[in-house]
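Enquirer: Let me see the structure of the following:
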Amino acid sequence: MEEQKRTNVQEEKEKPKDGRSRLGAVASSVFAVAAMALGWLAVELAFKPSLDEGRDSINKSLDPNHDPDDELDGNHSKPTKI
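Expert: Numbering: from 1, shown residues only. From the prediction side, this is the model:
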């Protein structure tokens, strides 16, 4: 008789009551996704100048109509006519 009571008590502990464990899992998942989104936003804002330069460089290198020879570089002097 005591063994039945013990097994019943263990079974009752294992059963979720009112779906609380499922709700807790969903809440934890939502919290984790929100934390990841806020972290990504913080990194984007902190490194915005560097990320913008990198993205511009990538866009230029992937553009088939972009010719690097067409860009004027201020460091080089123009060739003189002889």
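
Enquirer: Now do the strands in this structure.
Expert: Taking DSSP state E, the chain contains no strands at all.

Enquirer: ok, longest helix in it?
Expert: helix 20-46 (DSSP state H).

Enquirer: so where is this protein shaky, pLDDT-wise?
Expert: Scanning the chain for pLDDT under 70 picks out 1-20, 72-82.

Enquirer: at 90 what do you get?
Expert: Applying pLDDT under 90 to the chain flags the ranges 1-25, 57-82.

Enquirer: picking that back up, any buried residues in the longest helix of the chain, and which?
Expert: Residues of helix 20-46 classed as buried: none (neighbour count, 16 or more other C-beta atoms under 10 Å). Just so you know, the C-beta spots here come from the backbone N, C-alpha and C atoms, and that holds for glycine as well.

Enquirer: Tell me how many other residues surround residue 55.
Expert: 10 (other C-beta atoms under 10 Å).

Enquirer: Would you mind measuring from it to residue 66?
Expert: Distance of residue 55 to residue 66, computed by C-beta to C-beta, to the nearest Å: 14 Å.

Enquirer: Same check on residue 31?
Expert: For residue 31, the distance to residue 66 - C-beta to C-beta - is 44 Å.

Enquirer: likewise residue 58?
Expert: For residue 58, the distance to residue 66 equals 11 Å [C-beta to C-beta].

Enquirer: go on, residue 23?
Expert: Counting by C-beta to C-beta, the gap from residue 23 to residue 66 is 53 Å.

Enquirer: quick one: contacts of stretch 62-72?
Expert: residue 60 (C-beta atoms under 8 Å, 6 or more residues apart in numbering).

Enquirer: Stretch 23-31 now?
Expert: Contacts for stretch 23-31 (C-beta under 8 Å, 6+ apart): none.

Enquirer: shift numbering so it begins at 793
Expert: Got it, first residue is 793 now, which makes that one stretch 815-823.

Enquirer: List every C-alpha atom in that stretch, with coordinates, as CSV.
Expert: The C-alpha trace of stretch 815-823 is given here as CSV (Å, rounded to 0.1, in the frame of the first residue of the first chain):
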residue,chain,number,x,y,z
LEU,A,815,3.9,28.1,-21.0
GLY,A,816,7.3,28.5,-19.2
ALA,A,817,9.1,26.9,-22.2
VAL,A,818,7.3,29.3,-24.6
ALA,A,819,8.1,32.3,-22.4
SER,A,820,11.7,31.3,-22.2
SER,A,821,11.9,30.9,-26.0
VAL,A,822,10.4,34.3,-26.6
PHE,A,823,12.7,35.8,-24.1
